[in-house]
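K.L.:
Coordinates only, no sequence provided:
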């Protein structure tokens, strides 16, 4: 069966520090991969999605970036964190069309101080 | 762009009762998919139910069912025999091929099930 792993679960980082969140999927090949952010009291905002290695689409302008170095690995990064980057980050995967929905990781709670 | 609206920020229901969560969406497309996700306090997003727009029959998963009204662009979730474990945020989501298969979420409804 397919599983998705996301880490770390919790992260407290100072303003201006770098960020690296990692997500890996097991049990499937060539998944679509997604990064979402959930701010307090709000819905989920799609940040990036990837349909293949090295293929990244950005949905919103920001100081975050994403990379997909391997088929089942998706990384969210920042060179310098802002206070506004605080939130709950969720990684997800789907099959080619995604019409059966996404499967989400357990999320990372990021607090920038 | 497609928008998803959940007009009820918070709701509560007593255990064993039935509750309905509302969702409306805006799209000009004819083929799309709708979902309800549950996010309990653990914050794990869990798929509850899925509806294909070209199917007129409402989807059902055990105690969860939907009322899909395509013309009205309405997609409500009914939870029957509510249980304490149903306490969670519930998100309605929309997807179509024209949105690049990206899931667009509403802002959520916080449901509290009381004893």
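P.N.:
Received the coordinates, thanks. Keep in mind that what you see is a predicted model, and the values were worked out from it rather than measured. Numbering: from 1, shown residues only, chains lettered A, B, ... in the order given.
K.L.:
For the helix or strand of chain A with the lowest mean pLDDT, which outside residues touch it?
P.N.:
Across the helices and strands of chain A, mean confidence by mean pLDDT, DSSP states H and E is lowest for strand A:55-58: a mean of 90. Strand A:55-58 is contacted by residues A:47, A:48, A:49, A:50, A:51, A:65, A:66, A:67, A:68, B:100 when judged by C-beta atoms under 8 Å, 6 or more residues apart in numbering or on different chains. From N, CA and C alone the C-beta is placed, and that goes for glycine too.
K.L.:
do that again at 10 Å, thanks
P.N.:
A:32-35, A:46-51, A:64-68, A:74, B:100, B:102 (C-beta atoms under 10 Å, 6 or more residues apart in numbering or on different chains).
K.L.:
Get me the contact residues on chain A for chain B.
P.N.:
By C-beta under 10 Å from any C-beta of the partner chain, the residues of chain A that approach chain B are A:9, A:32, A:34, A:36, A:38, A:41-46, A:49, A:51, A:57, A:59, A:88, A:90, A:92, A:94-107, A:109.
K.L.:
need the contact list for the nearest residue to residue B:12 once chain neighbours are set aside.
P.N.:
Counting by C-beta to C-beta, 6 or more residues apart in numbering or on different chains, residue B:112 is the residue found nearest to residue B:12 once chain neighbours are left out, at 4.4 Å. Applying C-beta under 10 Å, 6+ apart to residue B:112 gives the contacts B:10, B:11, B:12, B:13, B:19, B:82, B:84, B:86, B:87, B:88.
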